[in-house]
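S.K.: model this:
(one chain, ligands or ions: 2)
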Amino acid sequence: MSASFEKGYRALMEALDTPAAAFFSSCVNCGLCAEACLFYTETGEAKYTPIHKLEPLRRVWWQEYTVLGRLARMFGLAKPVTDEELEAWSPLVYDACTMCGRCAMVCPVGVDPGYLIRKMREGMAAAGHAPQGIVEAASRSITMGSPAGVKWVTVEAQIRRVEKQFGFTVPVDQAGSDYLALMSSWEILNFPEYLGAVGRILNAAHATWTLASEAYEATNSGIQIGVSDLARELVQRIVTAAEKLKVRCVISPECGHAYTALRWEGPNLIGRPYGFEVRHILEVMDALKRTGRIRLTGTLPQPLSYHDPCQISRKGGVFEAPRRLLRDLAPEFREMEDSGTMNWCCGGGGGVSANERAEPLRYKVFQKKRRQIEAAGVKTVVTSCANCRVVMEEALEHYGMDIELLGVTEVVAEHLAEEAKK
Ligand code: SF4
Ligand code: SF4
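M.R.: Ligands and ions are numbered 1, 2, ... in the order given. Sure thing, here's the model as predicted:
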């Protein structure tokens with residue numbers, strides 16, 4: 001066995017866990033997952049069939065965990081998994097999967113190819129086959145606190161702008177607050193209106209809230225690149241700050257993977273339950289409205305639709321909350337075809353948008369979203385993930401489509417009855 005063979009093979013072997021082995025042994029190779037994946041439907045290329053993207057990992061499983069596979073390896077009959085093959089395979093694993101989870105919804109035997117992609121990324125990253133752009137983003141998360149290199153001083157500048165614009169103080173490191181608000185890099189850099197909107201909504205509800213100078217970034221590059229140690233460290237940073245400040249609830253911002261990482265995977269990653277709740281900002285706004293702590297007024301007269309972020313709707317189960325918030329305001333609310341838990345990804349989740357190499361493929365697969373928007377006949381699309389929003393903005397520009405994109409949080413803030421009374 002050559003040194004390079006050892007490295008890649010061993011890394012994949014170590015990434016295999018019990019669920020991964022169970023998934024591979026259950027797969028009946030029916031190919032149904034292909035039609036659920038936009039990388040296949042928009043290209044028609046068989047290599048983008050979800051289960052095919054996992055072929056090297058499947059071979060490692062077969063050679064290590066089945067009698068036939070072990071015998072084949074022993075007698076030199078099994079095809080080796082080489083580092084060269086893994087390097088060539090990297091675009092299928094990192095560029096052509098957003099870990100959207102749609103394929104898992106159609107698999108007749110319950111295989112979750114997205115989970116297996118994550119496991120494969122774990123092995124690929126350990127063996128040095130992750131794309132440079134994602135590796136650099138992950139490294140900035142550790143050294144600078146944010147994958148985009150956003151420092152606290154940038155957040156402070158945004159705080160000052162919000163305070164000047166809206167006339168309230170943005171609390172920082174306020175112990176005992178009801179809520180700790182986090183932001184994604186995109187919200188700090190591209191959508192400064194998010195922080196102002198969160199503050200307006202929580203102030204209107206007379207809730208106490210704070211930012212934490214030691215944990216302001218919610219994005220988890222560890223989940224995207226497939227490095228559990230990094231994912232754990234990033235979750236722990238937020239947990240430490242939240243528990244130090246003794247907040248009741250941490251608000252995950254308009255970012256899909258941040259929500260999955262913090263709410264659903266975080267306790268397992270750090271090996272214990274949290275001493276606080278985690279809610280997506282959609283859930284917080286919905287609860288405040290339903291309990292009468294905020295009221296909405298006015299209407300959005302234009303026809304509009306909602307793009308379900310995969311991690312929030314399909315994987316996170318939060319698909320009714322945005323609709324309850326939007327339907328009251330938009331008499332012309334129109335669902336996209338295949339909306340809710342079966343919605344199609346924007347094409348840039350799971351670290352794909354941070355991977356420059358993937359850009360042409362990302363634009364190609366956006367054709368699915370383009371057709372969904374055109375079929376809904378709307379000129380305004382609202383969503384609740386800043387990454388989806390950036391990916392869609394770039395793709396709409398690429399295709400010359402004149403579509404307005406909004407975040408649910410800013411829409412809610414703009415229609416607060418409490419502010420309208422003033
Ligand atoms: S749908 Fe499920 S069983 Fe069929 S090929 Fe895909 S992963 Fe395997
Ligand atoms: S998780 Fe989504 S992008 Fe990845 S293989 Fe499945 S359907 Fe395709």
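
S.K.: grab the nearest non-local neighbour of the residue of the stretch 101-250 of the chain found nearest ligand 1.
M.R.: Nearest residue of the stretch 101-250 of the chain to ligand 1, counting by Cβ to the nearest ligand atom: C107, 3.3 Å away. Every residue, glycine included, has its C-beta placed from N, CA and C. Spatial nearest neighbour of C107, chain neighbours left out: C33 (5.7 Å); criterion: Cβ to Cβ, 6 or more residues apart in numbering.

S.K.: around the one you found, how many other residues sit close by?
M.R.: By the criterion of other Cβ atoms under 10 Å, C33 has 25 neighbours.

S.K.: next, it: secondary structure please.
M.R.: What DSSP: H, G, I helix; E, B strand; the rest coil gives for C33 is helix.

S.K.: residue contacts, it?
M.R.: C33 makes contact with 49-51, 103, 106-107, 111, 113 under the criterion Cβ atoms under 8 Å, 6 or more residues apart in numbering.

S.K.: try 10 Å
M.R.: 27, 40, 49-53, 102-108, 111-114 (Cβ atoms under 10 Å, 6 or more residues apart in numbering).

S.K.: kindly report the same for Y94.
M.R.: 117, 120-121, 124-125, 129-131, 133-134, 224-226, 350-352, 354-355, 357-358.

S.K.: what about it, distance to Q174?
M.R.: For Y94, the distance to Q174 equals 40 Å [Cβ to Cβ, to the nearest Å].

S.K.: repeat for E419
M.R.: 22 Å.

S.K.: next: L245.
M.R.: 7 Å.

S.K.: can you check A215 too?
M.R.: 14 Å.

S.K.: neighbour count winner among the two?
M.R.: Taking neighbours as other Cβ under 10 Å, A215 and Q174 compare with A215 leading, 22 against 16.

S.K.: you'd agree the more buried one is up against A258?
M.R.: No. At 11.8 Å, A215 and A258 do not qualify as touching, with contact defined as Cβ atoms under 10 Å.

S.K.: find residues that contact each of those two.
M.R.: With Cβ under 10 Å, 6+ apart as the test, A215 and A258 both reach 182, 234, 238.

S.K.: by neighbours, which of the residues you listed wins?
M.R.: Busiest of the shared contacts of A215 and A258 [other Cβ under 10 Å] is L234, holding 30 neighbours.

S.K.: just the buried ones from the contacts of C33?
M.R.: Buried members of those, counted by 16 or more other Cβ atoms under 10 Å: 27, 40, 49-53, 102-104, 107, 111-114.

S.K.: near ligand 2, from these?
M.R.: 50, 102-103, 113-114 (Cβ under 6 Å from any ligand atom).

S.K.: dump those residues to CSV, plus secondary structure and pLDDT.
M.R.: Formatted as CSV, these follow (DSSP: H, G, I helix; E, B strand; the rest coil; pLDDT from 0 to 100):
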residue, secondary structure, pLDDT
P50, coil, 98
R102, helix, 97
C103, helix, 98
P113, helix, 97
G114, helix, 95
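
S.K.: same list, those, but only the ones touching ligand 1.
M.R.: 50, 113.

S.K.: ok, V284 - contacts?
M.R.: Counting by Cβ under 10 Å, 6+ apart, V284 has contacts 178-179, 181, 198, 201-202, 205, 207, 209, 249, 251-252, 277, 321, 409.

S.K.: let's see 8 Å
M.R.: 179, 249, 251.

S.K.: try L326
M.R.: Going by Cβ under 8 Å, 6+ apart, L326 touches 300, 304, 306, 333, 382, 408, 411.

S.K.: neighbours of K364, how many?
M.R.: Using other Cβ under 10 Å, K364 has 15 other residues around it.

S.K.: next, find the distance separating it from ligand 2.
M.R.: Applying Cβ to the nearest ligand atom, to the nearest Å, the value for K364 to ligand 2 is 13 Å.

S.K.: which one is that residue nearest to, not counting chain neighbours?
M.R.: Nearest residue to K364, sequence neighbours excluded (Cβ to Cβ, 6+ apart): E42, at 5.7 Å.

S.K.: tell me if I'm right that that neighbour and R371 touch.
M.R.: No. Assessed by Cβ atoms under 8 Å, E42 is found out of contact with R371, at 9.6 Å.

S.K.: what about the two, which has more around it?
M.R.: Between E42 and R371, counting by other Cβ under 10 Å, E42 is the more crowded of the two (20 against 14).

S.K.: quick one: mean pLDDT over stretch 178-187.
M.R.: Stretch 178-187 shows a mean pLDDT of 92.

S.K.: repeat that for stretch 125-136.
M.R.: Stretch 125-136 comes out at a mean pLDDT of 82.

S.K.: which residues touch it?
M.R.: 7-8, 11-12, 14-15, 83, 86-87, 89-90, 94-95, 121, 124, 221, 224-227, 351, 354-358.

S.K.: buried ones from these, can you make that a PyMOL selection?
M.R.: In PyMOL syntax, the buried subset of these is picked out as below (16+ other Cβ under 10 Å):
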select buried, resi 7+8+11+12+15+83+86+89+90+94+95+121+124+221+224+225+226+227+351+354+355+357+358
